[in-house]
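J.: Quick one, structure for this:
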Amino acid sequence: MSTPTRVCFELRIRPEMVDDYIARHSPVWPEMLDEIAASGRRNYSLFLADGGRLIGYYETDDDEASQAYLAASPVAAKWEQSMQEFFVDLGGRADQAATPLREVFNLADQRGGASGE
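T.: Residues are numbered from 1 along each chain as shown. Sure thing, here's the model as predicted:
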């Protein structure tokens, strides 16, 4: 079994809209959840820090295919359009234009792929 690609990204939420951003994700539209899963993303999480700093993480077997799937999805386009007002200095859809972060450490990788770590 191949190791999934781990993707971490950063976005900025307008500080005055953080509460509304959280509310919009409680819950996310069921059809959007289905599209995320259909794109091949799993273990998807968003983490919010003070000041509107948002960190996202997911795993996928093929990130390019996942990105392409969501880019072509009418449901994802509608969701991203509804979310656009929350983001600071974002050129395009959040699912396509988020700033990726480089992974510099992973416990399981360094321990030889030991599971459960």
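J.: going forward, measure contacts between C-alpha atoms and count neighbours the same way
T.: Will do.
J.: Tell me the backbone dihedrals of the residue lying closest to residue 63 once chain neighbours are set aside, please.
T.: Once flanking residues are discounted, residue 63 sits nearest to residue 5: 7.1 Å by CA to CA, 6 or more residues apart in numbering. Dihedral pair for residue 5: phi -80, psi 130, per degrees, to the nearest 10.
J.: helices or strands up against the worst-scoring helix or strand of the chain on mean pLDDT?
T.: Ranked by mean pLDDT, DSSP states H and E, the helix or strand of the chain with the weakest confidence is helix 94-97, at a mean of 86. Applying 3 or more CA pairs under 8 Å, 6 or more residues apart in numbering; DSSP states H and E, one finds that helix 94-97 contacts helix 63-72.
J.: does residue 40 really touch residue 61, like I thought?
T.: Yes. Look at residue 40 against residue 61 with CA atoms under 8 Å: they come within range, at 7.0 Å.
J.: Can you check which residues contact both of those two?
T.: Common neighbours of residue 40 and residue 61, using CA atoms under 8 Å, 6 or more residues apart in numbering, do not exist here.
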